[in-house]
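# Everything below, folded, please.
(one chain, ligands or ions: 1)
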Amino acid sequence: AGIVKYTFNVSEMKIRRLCQERTIVTVNGLFPGPTINAREGDAVVIRVVNQSPYNMSIHWHGIFQLLSGWADGPSYVTQCPIRPGNSYTYRFKIVGQEGTLWWHAHVSFLRATVHGALIILPRAGTKAYPFPKPYREVPILLGEWWNANVVDVEDEALTTGRSANISDAFTINGSPGDLYPCSSDHTFKLAVLPGKTYLLRIINSALNSQLFFKIAGHSLTVVAIDAAYTTPYRTEVVVLAPGQTIDALLAADAPPACYYMAANAYDSLQIVPFDNTTTTGILYYASAGLPSSPPVMPLMPAFNDTPTAHRFYSNLTGLLYKGTPPVPLQVDERMFITIGMNLVPCDHGGAGCLGPFGEKFAASMNNVSFQLPSKMSLLQAHFSGVPGIYTLDFPDRPPAAFDYSNRELQKNLELLQTAKATRVKRLKYNSTMEIAFQNTALLGAESHPVHLHGFNFFVLAQGFGNYDPAEAEKLFNLVHPQVRNTIAVPVAGWAVIRFVANNPGVWVMHCHLDTHLPYGLATVFLVENGPTAASTLPPPPKDLPRC
Ligand code: C2O
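Residues are numbered from 1 along each chain as shown. Purely as a prediction, here's the structure:
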């Protein structure tokens, strides 16, 4: 195993998109940012120098961070932000995971442009992929583009209490593609050789949209999700929630011509205006060259095609492969967590607040709308025993049972109300947790992608309607469930996950739709130290940013 070193200079740069020159924040002047290439077992050292005018912190999405919680990156959870002009060096080891992950800013909305791929190859010499070696590997970052400054978009959503401004384009590797104005000259293009197989490393880095992805004339064989191998799954279309990744094999076996690859939104909410545009890239057979007429366009699923999304999400299974940990059959603790949107009283007068009740949007887990601290990070407070930063009383279940998935419930004002608080859940070292998530439909039914930091989890079952423990258990896959770090809980539905709390530290679990995190759709697990030095979180690095 080796050491992989990078320097990330975070700064503003000018870029032209959709006929306008914009200033965005990027890493090393690249959009998307640089790809981190590492092998399983490597130590990774990344010095982040913040030359932007904004607070910054970077999260290595999906990396376990075993005993290196200080490097996880979410602002006010494991560190205070890196202030403009300052730097912080993230150090972690990659152990027991292979495939595609990514990194992104974990402060305000800046991850819209501050993100990149993180690719983990098998350890040198010892292991190979559990599928035939591809001819070439290609990162495909799906993104979301705003003409406005994304920090302003977020501030507006938070101060007015309305939902965020919708995006102006989706992107493939930073480019909107031929269907948008002034975009054709930088459309992403992939040249392939007939008969060869390519590994597409697909990442949904969009802020607020689940995305369908498809390539005309070709099918895809999914071999991994969230850097965990799957049973090979052949499909015409894939869908990814923000935060999720897919490794898929693409066989260049179509008649040599030009084909569009395309992504459009899967909008489970269906009640607010959303970005219904389609981003494209071009796949062309090198022998045929680029065409003078438009390539073949795939027939994309409709924005509200929940059956297609659900079929894909629920059909995936994990690969029984050497090194795959078995599903723990003995559960130590069960939680039932409702997730969804709520309202909080408006605290700044009527101007931006929603009528007629004078309230604004919030979101919650078990009716607690998570409030990040501002004086110090939760991990610092935990490590140093500083009182008053958080309380250890995050509830194991919602305050009242109700008909969660009923779309008529929005008339119930009492259930709609939530309160902001920093309530954390303590987990015993090595305990096996089972969590059933239930989407609520109080303000409209929506699929929320829940991301857990510090762990992968087994997805035992998922479905629509209200979670019923006895019925759900009948559906459990305890043999080869899919393994993920982000689960798109079905719209007006539920999902059950299991994980072992074997990583001491403080780990946030949140909706990966970026507007929902500041609204409070999050909670935090505080995992106790284990009995030995080898299961104890070490002290923070000297350069850890302070508030
Ligand atoms: Cu990819 Cu907490 O985020």
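# C-alpha only now, for contacts and for neighbours.
Noted.
# got any ranges where this structure has weak pLDDT?
The model of the chain has pLDDT under 70 over residues 161-162, 271-272, 323, 347-358, 410-414.
# center of it - which residue?
For the chain, residue 243 is the residue whose C-alpha lies nearest the centre (Cα atoms, centre = their mean; 1.8 Å).
# count of neighbours near the residue lying closest to residue 186 once chain neighbours are set aside?
Leaving aside its sequence neighbours, residue 186 sits nearest to residue 175 (Cα to Cα, 6 or more residues apart in numbering; 6.4 Å). Neighbours of residue 175 under the rule other Cα atoms under 10 Å: 28.
# What's opposite residue 175 in the beta bridge?
For residue 175, the residues forming beta bridges with it (DSSP bridges) are residue 172.
# any idea how far it lies from residue 28?
Residue 175 sits 18 Å away from residue 28, going by Cα to Cα, to the nearest Å.
# Identify the residues contacting residue 541.
residue 70 (Cα atoms under 8 Å, 6 or more residues apart in numbering).
# And what about it, helix, strand or coil?
Of the three states, residue 541 takes coil under DSSP: H, G, I helix; E, B strand; the rest coil.
# Residue 534 should be in a helix, yeah?
Yes - under three-state DSSP, residue 534 falls within a helix.
# and it, how many residues sit next to it?
10.
# Also residue 328?
15.
# Where do the helices of this protein begin and end?
With helices called from DSSP state H, the chain shows them at 150-160, 306-315, 378-384, 413-416, 469-475, 516-519.
# and the biggest strand by length in the chain, what other elements does it pack with?
In the chain, taking DSSP state E as the definition, the longest strand is strand 3-17. Helices and strands touching strand 3-17, by 3 or more Cα pairs under 8 Å, 6 or more residues apart in numbering; DSSP states H and E, are strand 20-27, strand 36-39, strand 43-50.
# Buried residues in that strand, which are they?
By neighbour count on 16 or more other Cα atoms under 10 Å, the buried set for strand 3-17 is 4, 8, 9, 10, 11, 12, 13, 17.
# Make JSON lines out of the residues you listed and add distance to residue 363.
JSON lines is the format used below for the buried residues of strand 3-17 (distance: Cα to Cα, whole Å):
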{"residue": "4", "distance to residue 363": "39"}
{"residue": "8", "distance to residue 363": "33"}
{"residue": "9", "distance to residue 363": "34"}
{"residue": "10", "distance to residue 363": "30"}
{"residue": "11", "distance to residue 363": "32"}
{"residue": "12", "distance to residue 363": "31"}
{"residue": "13", "distance to residue 363": "33"}
{"residue": "17", "distance to residue 363": "32"}
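# and which of those residues is nearest residue 127?
When those are compared for distance to residue 127 (Cα to Cα), residue 4 wins out at 19.2 Å.
# Return the set of residues that bridge with that closest one.
Note on residue 4: beta-bridge partners by DSSP bridges are residue 44.
# ok, it touching residue 38?
Yes - here residue 4 reaches residue 38: they are 6.5 Å apart, a contact under Cα atoms under 8 Å.
# list the residues that contact both of these two?
residue 44.
# thinking residue 166 is in contact with residue 274, fair?
Yes - under the criterion of Cα under 8 Å, residue 166 makes contact with residue 274 at 5.7 Å.
# OK, contacts around the residue nearest to residue 138 when sequence neighbours are not counted?
Excluding its sequence neighbours, the residue lying closest to residue 138 (Cα to Cα, 6+ apart) is residue 200, at 4.9 Å. Contacts for residue 200 (Cα under 8 Å, 6+ apart) come out as 137, 138, 139, 140, 246, 247, 248, 249, 250.
# and which of the buried residues of strand 3-17 is nearest residue 476?
For the buried residues of strand 3-17, the nearest to residue 476 is residue 4 (39.4 Å; Cα to Cα).
# The closest residue in space to residue 387 that isn't next to it in sequence and residue 392: what is the separation?
Leaving aside its sequence neighbours, residue 387 sits nearest to residue 381 (Cα to Cα, 6+ apart; 7.1 Å). Going from residue 381 to residue 392 by Cα to Cα gives 12 Å.
# Now for those two: what residues contact both?
Joint contacts of residue 381 and residue 392 (Cα under 8 Å, 6+ apart) do not exist.
# who's more crowded, those two?
Neighbours per residue, other Cα under 10 Å: of residue 381 and residue 392, the larger number sits with residue 381, 18 against 13.
# That one contacts residue 374, correct?
No - taking contacts as Cα under 8 Å, residue 381 lies outside contact range of residue 374: 11.3 Å.
# Residue 21 pairs with what?
Counting by DSSP bridges, residue 21 forms beta bridges with residue 16.
# domain ranges for this structure?
Annotated domains of the chain cover 1-127, 131-317, 333-535 [automatic domain parsing].
# How far off centre is the shortest one?
Distance of domain 1-127 from its chain centroid, counting by Cα atoms, centre = their mean, to the nearest Å, is 14 Å.
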